[in-house]
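Trainee: only geometry, no sequence info:
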């Protein structure tokens with residue numbers, strides 16, 4: 001059995017969060033330990049994990065050469081990657097990609113297992129332990145409103161950090177972040193159902209958005225219907241359009257030449273990003289102008305004011321430099337008329353194409 005978290009058999013105690021509010025405090029404080037706080041360990045990088053006493057010893061990893069890039073970079077999902085490599089036998093790259101691993105069974109024989117199984121079991125074990133603590137503290141709490149709302153804010157922040165880690169991390173272990181997200185969403189469903197009388201309006205709405213997401217929520221851009229496409233953008237026509245946009249953006253050196261059809265398709269398919277971010281080669285101001293062209297030329301439908309977030313989610317600058325949505329919003333548009341004209345020409349295909357059966 002893989003123990004992701006150390007087995008601790010200490011005496012039961014209340015969390016600092018509970019004790020703080022039971023002492024009559026009302027000021028907003030930062031807390032490091034609270035129910036469900038250990039789920040952060042599953043997606044943190046190694047520097048964040050060091051002080052947590054998790055008995056991580058990379059020198060014991062037999063396949064260290066396979067792990068050293070993650071070790072050197074200090075990637076997110078470090079604990080998950082560490083426990084894969086510390087336990088795996090007969091390492092093969094395709095096993096890692098497929099989420100499989102050979103481990104030594106109780107009889108000493110090697111057997112193939114799904115890495116999701118021990119990970120998910122560890123998550124469920126920690127969830128049950130934290131739920132017991134939460135219920136105990138909730139029942140006894142004299143300040144349920146403050147306690148529940150502070151805990152909700154802490155967990156929402158952790159969930160957002162997890163979401164960022166999934167989006168930023170490129171190593172294969174980030175895929176296991178989906179399993180961690182499932183646990184958080186289960187927790188939020190429980191809060192939404194059982195603590196509704198004590199939730200603030202902001203926390204209630206935030207949980208509702210996660211528990212019951214709107215089908216109309218904009219995830220990425222969506223191509224607007226056009227008069228020259230009477231039958232709409234069929235699958236065949238869409239393939240022509242996306243390939244043309246991709247090739248034009250590459251030829252004009254707006255995006256890296258390694259950009260794939262699937263990346264551009266994701267960008268204009270009204271869904272969450274499932275691929276690596278697109279590398280933007282020009283200036284940040286021109287990336288802002290990229291959206292202006294999309295909007296002014298009616299290339300995309302309304303984003304309900306989420307366009308800066310979409311750009312930050314789907315693009316990165318050279319050398320993995322982050323596209324910050326707030327900074328992008330405050331920039332001025334590009335003054336290069338030639339670059340803007342070239343951007344517009346990248347989307348001429350939408351005016352030229354007719355419906356394809």
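Mentor: That came through fine. These numbers were taken from a predicted model, which means no experiment stands behind them.
Trainee: Run through the stretch 251-357 of the chain and note the low-pLDDT ranges.
Mentor: Across the stretch 251-357 of the chain, the ranges flagged by pLDDT under 70 are 354-357.
Trainee: same thing but 90
Mentor: Within the stretch 251-357 of the chain, the ranges that satisfy pLDDT under 90 run 269-276, 302-306, 313, 318-322, 324-326, 350-357.
Trainee: Which strands or helices does the helix or strand of the chain with the lowest mean pLDDT pack on?
Mentor: In the chain, no helix or strand scores lower on mean pLDDT, DSSP states H and E than helix 64-73, which sits at a mean of 77. Other elements packing on helix 64-73 under the criterion 3 or more C-beta pairs under 8 Å, 6 or more residues apart in numbering; DSSP states H and E are helix 78-87. (Glycine included, C-beta is placed from N, CA and C.)
Trainee: neighbouring contacts of the helix it packs on?
Mentor: 2, 4, 41-46, 49, 54, 56, 58, 60-64, 66-67, 70, 75, 91, 96, 101, 103, 115, 118-119, 171, 173, 176 (C-beta atoms under 8 Å, 6 or more residues apart in numbering).
Trainee: Any idea how far the least confident helix or strand of the chain is from the middle of the chain?
Mentor: Relative to the centre of its chain, helix 64-73 is centred 22 Å away, using C-alpha atoms, centre = their mean, to the nearest Å.
Trainee: go on, stretch 49-68?
Mentor: 24 Å.
Trainee: Start and end of it, how far apart?
Mentor: By C-alpha to C-alpha, to the nearest Å, the extent of stretch 49-68 from end to end equals 17 Å.
Trainee: ok so, going back, using PyMOL, define a selection of the buried residues within the contacts of helix 78-87.
Mentor: Burial among these is assessed by 16 or more other C-beta atoms under 10 Å; the matching PyMOL selection reads:
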select buried, resi 2+4+41+42+43+44+45+46+49+54+61+66+67+70+75+91+96+101+103+115+118+119+171+173+176
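Trainee: quick one: which of the contacts of helix 78-87 sit in strands?
Mentor: In strands, defined here by DSSP state E, the members of the contacts of helix 78-87 are 101, 103.
Trainee: ok, so what distance separates residue 65 from residue 296?
Mentor: Distance, residue 65 to residue 296, using C-beta to C-beta, to the nearest Å: 51 Å.
Trainee: Helices along the stretch 51-200 of the chain, start to end?
Mentor: 64-73, 78-87, 93-98, 116-140, 144-168, 177-194 (DSSP state H, counting those that start in this stretch).
Trainee: what helix or strand is residue 316 on?
Mentor: Taking DSSP states H and E as the criterion, the element that holds residue 316 is strand 315-317.
Trainee: And the contacts of that strand?
Mentor: So strand 315-317 is contacted by 277-280, 284, 287, 322-323 (C-beta under 8 Å, 6+ apart).
Trainee: Tally up the residues packed near the nearest residue to residue 70 once chain neighbours are set aside, please.
Mentor: Once flanking residues are discounted, residue 70 sits nearest to residue 81: 5.0 Å by C-beta to C-beta, 6 or more residues apart in numbering. Other residues lying near residue 81 total 23 when counted by other C-beta atoms under 10 Å.
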